[in-house]
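I'd like to go over a predicted model; first the sequence, then the structure.
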Amino acid sequence: MPEWLLSQAGSTIAVHTLLFIQTFHEEYRITSEFIASSVNVNPVVIRRILGQLKDAGMVTISRGTGGTSLAKEPKSITLFDIYNAVDSVDDTIFGFHESPNPKCPVGGNIHAILDSPLENAQSALELSLKRVKLQDLIANLESKLKS
């Protein structure tokens, strides 16, 4: 998977990974290869995501026969937590080009006209992500598996 695409898909891969761990942890040893077979990516991608989730305290990884498991209760993990663990590079979803030309009428005013709308969008996204818990997604998945 190209690096630019992975950076766009990190959160969804992480959610997929966490749901997979929760779904299969009682029956199987959860490895990066096993998760990768569901996500349909190279296990290296999963290992990187798992490392980020481990650093954020969401999973534990036991080498050898242990496998991977959730380190927190699903009700205490939000989509915002997952996003921050794997996608948030500089705490903003909207990057800004570094040096617009201050002598240009557009370049000299671009921050003044875009900063506020982008900050509002960032806040709205964060609030929405904070409202969704991993437990909600697990319940939704379980409902779909029963039907």
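It's in. Residues are numbered from 1 along each chain as shown.

so what's the residue count around residue 66?
Neighbourhood size, residue 66 [other CB atoms under 10 Å]: 12. (Each C-beta comes from the backbone N, C-alpha and C, glycine too.)

contact partners for it?
residue 29 (CB atoms under 8 Å, 6 or more residues apart in numbering).

list phi and psi for it.
Residue 66 has phi and psi values of phi -70, psi -50 when expressed as degrees, to the nearest 10.

ranges for the helices of the protein?
Assigned by DSSP state H, the chain shows helices spanning 3-24, 32-39, 43-55, 79-86, 110-131, 134-146.

out of those, which gets nearest to residue 70?
helix 3-24 (5.8 Å; CB to CB).

hmm, who's touching that closest one?
Helix 3-24 has contacts (CB under 8 Å, 6+ apart) with 1, 30, 34-35, 38-39, 41, 45-46, 49-50, 52-53, 58-59, 68-70, 74, 77, 79, 82-83, 85-87, 89, 134, 137-138, 141.

give the ChimeraX command for selecting the buried subset of those.
Filtering those down to the buried ones (16 or more other CB atoms under 10 Å) takes a single ChimeraX command:
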select :30,34,35,39,41,45,46,49,50,52,53,58,59,68,70,74,77,79,82,83,85,86,87,134,137,138
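
now render the helices of the chain as CSV, adding mean pLDDT and distance to residue 102.
Converted to CSV, the helices of the chain look like this (pLDDT from 0 to 100; distance: least, CB to CB, whole Å):
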stretch, mean pLDDT, distance to residue 102
helix 3-24, 81, 29
helix 32-39, 94, 45
helix 43-55, 94, 37
helix 79-86, 92, 33
helix 110-131, 91, 10
helix 134-146, 95, 45
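
give me whichever of the ones you listed is most buried.
Greatest average neighbour count among the helices of the chain goes to helix 79-86 (a mean of 22), per mean count of other CB atoms under 10 Å.

what lies in contact with it?
With contact meaning CB under 8 Å, 6+ apart, helix 79-86 is reached by 10-11, 13-15, 18, 49, 52-53, 55-56, 58, 126, 129-130, 132-134.

how far out from the middle of the chain is stretch 73-91?
6 Å (CA atoms, centre = their mean, to the nearest Å).

ugh, wrong one, I meant stretch 58-69
Here stretch 58-69 is found 19 Å from its chain centre; the criterion is CA atoms, centre = their mean.
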